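A.B. asks: okay, sequence plus prediction incoming.
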Amino acid sequence: MIISSDFQQPLAELVSYLFTRREAILNNWRQACEHDPLLHRISSLSREEFNNLLPVILNILEERLLNKPQEADPALTATSHGLHRWQKAFALPETMRELSHLTQILLNEVQAFQELFPQTDAKLLLQVQQAIVLLMDETINGSVQKYDEFQRLEAANRLSALQQALEQIQALSRQRGDLLRTTSHDLKSSFGIINSAATVLKMEGLSEQERDQFLDMLNRNLTHVQSMLGSLMDLSRLEAGEEVLQIQSFDAAKLLNELVVGAQPMATERGLILRADGPDSLVVESDPVKIQRIVQNLLLNAIQYTPTGFISVAWSNEIDMRWMFSIQDSGPGIESSLTGLLAKQLKPTVDSTSSMGPGEAQPVPILPMPGHEIPDGQLLAERANESPKGEGVGLQIVKRLCELLNANLDIETRAGRGTLFRVRMPIHQAN
């Protein structure tokens with residue numbers, strides 16, 4: 001819009017007035033936005049972030065009013081402002097609303113100029129108001145265009161993500177079947193040993209020592225079966241969404257210390273050195289029962305699958321809003337298939353510092369175990385003393401509990417060197 005040359009002198013005075021008022025205009029604009037109940041994110045922006053490219057828009061307005069060459073491209077400036085607001089997580093209606101506030105602030109300044117200089121020609125003021133409205137409409141349209149581009153890109157990405165999610169769900173369904181088949185195999189193995197031991201106990205001619213040995217074998221495997229069935233029940237409740245959070249303030253350091261002290265006799269019995277390190281106090285708001293279950297599962301797994309060496313439990317305040325605990329052992333490491341299964345199903349993003357196990361879970365061959373065959377006493381004792389399998393169920397429970405607590409679960413493992421589980425979660429857990 002070109003303003004008539006008849007108004008050059010009063011127009012120059014108006015442009016000078018608007019330039020002198022620029023800081024006040026930007027401040028009044030922010031105040032108007034902060035008082036708008038529909039604009040919630042303004043207070044989180046610094047002055048530079050809030051103003052962004054709007055001073056450039058005001059320069060363009062001045063150049064248009066004075067009919068000078070424009071140093072900046074209005075369309076590019078507008079789309080760049082829309083990009084900035086998108087990156088700051090502003091919704092499109094919020095961006096349009098804040099620009100509408102700026103339009104009103106500029107129109108108010110023209111009215112204030114008229115009150116200061118009532119002799120100013122009304123036609124000039126009308127043309128200036130039209131120029132303001134036109135430029136701000138271009139700014140809003142440019143921002144809308146950028147939002148539209150991103151929304152179309154998001155829609156395409158969403159379609160691609162849905163397709164990937166469907167493929168992952170199908171893969172996870174297969175992997176879950178593998179896990180259940182493995183667990184079923186473990187239960188069959190334990191029941192086979194129980195059945196064989198019970199059959200041997202019925203035989204005549206056993207010495208008292210042999211009878212005690214087979215009774216101990218029977219009791220040990222019954223306890224293992226009971227534990228595995230309990231774990232499967234816990235996992236089914238978690239997957240059914242029946243677990244709820246009970247958020248309260250508690251000292252996580254005290255809880256972790258107590259769990260380590262409680263596990264010391266078991267570690268000592270297996271000849272393991274169990275150490276705990278962390279601050280004496282770490283007050284957090286979370287579900288202490290869920291955290292206790294996570295630690296117990298990881299700690300018992302570490303003790304059970306570490307033949308010799310060390311187990312280290314550590315905790316710390318990571319940043320102001322997060323805390324973490326970790327359990328590291330010197331065991332044989334986790335097989336890559338199990339690590340891949342957990343990694344594929346982790347809900348939160350995994351930090352770049354983690355070394356995740358590669359590959360996906362592979363089907364586990366299930367060998368038939370004839371129930372009528374009874375191994376000889378030495379073979380039966382060797383099989384009973386083998387480390388029971390089934391750690392996948394316990395780690396699945398840990399994974400589900402971490403999802404419930406909105407926690408990151410990182411797994412680092414190396415064959416023959418050991419495994420590290422690290423859990424990161426908010427200090428103030430939302431309900």
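C.D. replies: Cool, the structure landed.

A.B. asks: in stretch 402-414, which residues are buried?
C.D. replies: Buried positions in stretch 402-414, judged by neighbour count with 16 or more other CB atoms under 10 Å: 402, 404-405, 407-413. Heads up, the C-betas are built off the backbone N, CA and C, glycines and all.

A.B. asks: Ser143: how many residues sit nearby?
C.D. replies: Applying other CB atoms under 10 Å, we find 25 residues neighbouring Ser143.

A.B. asks: what sits against the residue nearest to it when sequence neighbours are not counted?
C.D. replies: Once flanking residues are discounted, Ser143 sits nearest to Gly82: 3.2 Å by CB to CB, 6 or more residues apart in numbering. With contact taken as CB atoms under 8 Å, 6 or more residues apart in numbering, Gly82 is in contact with 95, 142-147.

A.B. asks: filter those down to the buried ones.
C.D. replies: Members of these that pass the buried threshold by neighbour count (16+ other CB under 10 Å) are listed as 95, 142-144, 146-147.

A.B. asks: can you give me the helices in the stretch 51-200 of the chain?
C.D. replies: Taking DSSP state H, counting those that start in this stretch as the criterion, the stretch 51-200 of the chain carries its helices at 54-65, 74-87, 92-116, 122-202.

A.B. asks: circling back: and the buried residues of stretch 402-414, which is the shakiest by pLDDT?
C.D. replies: Checking pLDDT across those, the minimum falls on Leu404 at 82.

A.B. asks: quick check, that one in contact with Lys290.
C.D. replies: Yes: Leu404 sits in contact with Lys290 when judged by CB atoms under 8 Å, with a separation of 6.5 Å.

A.B. asks: sorry, back to before: show the pLDDT at the residue nearest to Ser143.
C.D. replies: pLDDT for Gly82: 81.

A.B. asks: residues near Leu300, how many?
C.D. replies: Counted with other CB under 10 Å, Leu300 comes out at 15.

A.B. asks: same question for Phe19.
C.D. replies: Applying other CB under 10 Å, we find 13 other residues in the vicinity of Phe19.

A.B. asks: surely it and Leu61 touch.
C.D. replies: No: the pair Phe19 / Leu61 is not scored as a contact, 10.1 Å apart, by CB under 8 Å.

A.B. asks: in the stretch 301-431 of the chain, where is pLDDT below threshold?
C.D. replies: Applying pLDDT under 70 to the predicted model, the residue ranges of the stretch 301-431 of the chain that meet it are 335-394, 431.

A.B. asks: so where's the stretch 151-300 of the chain shaky on pLDDT?
C.D. replies: Low-confidence segments of the stretch 151-300 of the chain, defined by pLDDT under 70, are located at 151, 154-159, 161-162, 165-166, 168-205, 211, 214-215, 217-243.

A.B. asks: now do the stretch 1-150 of the chain
C.D. replies: Going by pLDDT under 70, which is the cut-off in play, the stretch 1-150 of the chain has low-confidence ranges at 1-7, 150.

A.B. asks: go again using 50 as the cut-off
C.D. replies: Scanning the stretch 1-150 of the chain for pLDDT under 50 picks out nothing.

A.B. asks: okay, now Gln264: neighbour count?
C.D. replies: Residues contacting Gln264 under the criterion other CB under 10 Å number 13.

A.B. asks: contacts for the helix or strand in which it is found?
C.D. replies: Applying DSSP states H and E as the criterion places Gln264 in helix 252-269. With contacts defined as CB under 8 Å, 6+ apart, helix 252-269 is touched by 273-274, 276, 278-284, 286, 288, 291-292, 295-296, 299-300, 303, 311, 313, 315, 323, 325.

A.B. asks: quick one: name whatever helix or strand follows that helix.
C.D. replies: Next helix or strand after helix 252-269 toward the C-terminus (DSSP H and E): strand 272-277.

A.B. asks: okay, the angle between that next one and helix 252-269?
C.D. replies: Here strand 272-277 runs at an angle of 170 degrees relative to helix 252-269 (axes from the mean of the first three to the mean of the last three CA atoms, to 10 degrees).

A.B. asks: hang on, Arg422 in a helix?
C.D. replies: No: looking at Arg422 with DSSP: H, G, I helix; E, B strand; the rest coil, it is strand, so not inside a helix.

A.B. asks: and it, what does it touch?
C.D. replies: For Arg422, the contact set (CB under 8 Å, 6+ apart) comprises 324-326, 354, 408-412.

A.B. asks: same deal with Tyr17?
C.D. replies: Contact analysis of Tyr17 by CB under 8 Å, 6+ apart lists 109, 113, 116.

A.B. asks: identify each buried residue in the helix holding Gln264, please.
C.D. replies: Residues of helix 252-269 classed as buried under the neighbour-count rule (16+ other CB under 10 Å) are 252-253, 255-257, 259-260, 263, 267.

A.B. asks: dump the residues you listed to JSON lines, plus distance to Asn51.
C.D. replies: As requested, the buried residues of helix 252-269 are arranged in JSON lines below (distance: CB to CB, whole Å):
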{"residue": "Ala252", "distance to Asn51": "43"}
{"residue": "Ala253", "distance to Asn51": "45"}
{"residue": "Leu255", "distance to Asn51": "48"}
{"residue": "Leu256", "distance to Asn51": "47"}
{"residue": "Asn257", "distance to Asn51": "51"}
{"residue": "Leu259", "distance to Asn51": "52"}
{"residue": "Val260", "distance to Asn51": "53"}
{"residue": "Ala263", "distance to Asn51": "57"}
{"residue": "Ala267", "distance to Asn51": "60"}
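
A.B. asks: Glu210: neighbour count?
C.D. replies: Other residues within reach of Glu210 by the criterion other CB under 10 Å amount to 15.

A.B. asks: which ones among the buried residues of stretch 402-414 lie within strands?
C.D. replies: When DSSP state E defines the strands, the subset of the buried residues of stretch 402-414 inside them is 408-413.
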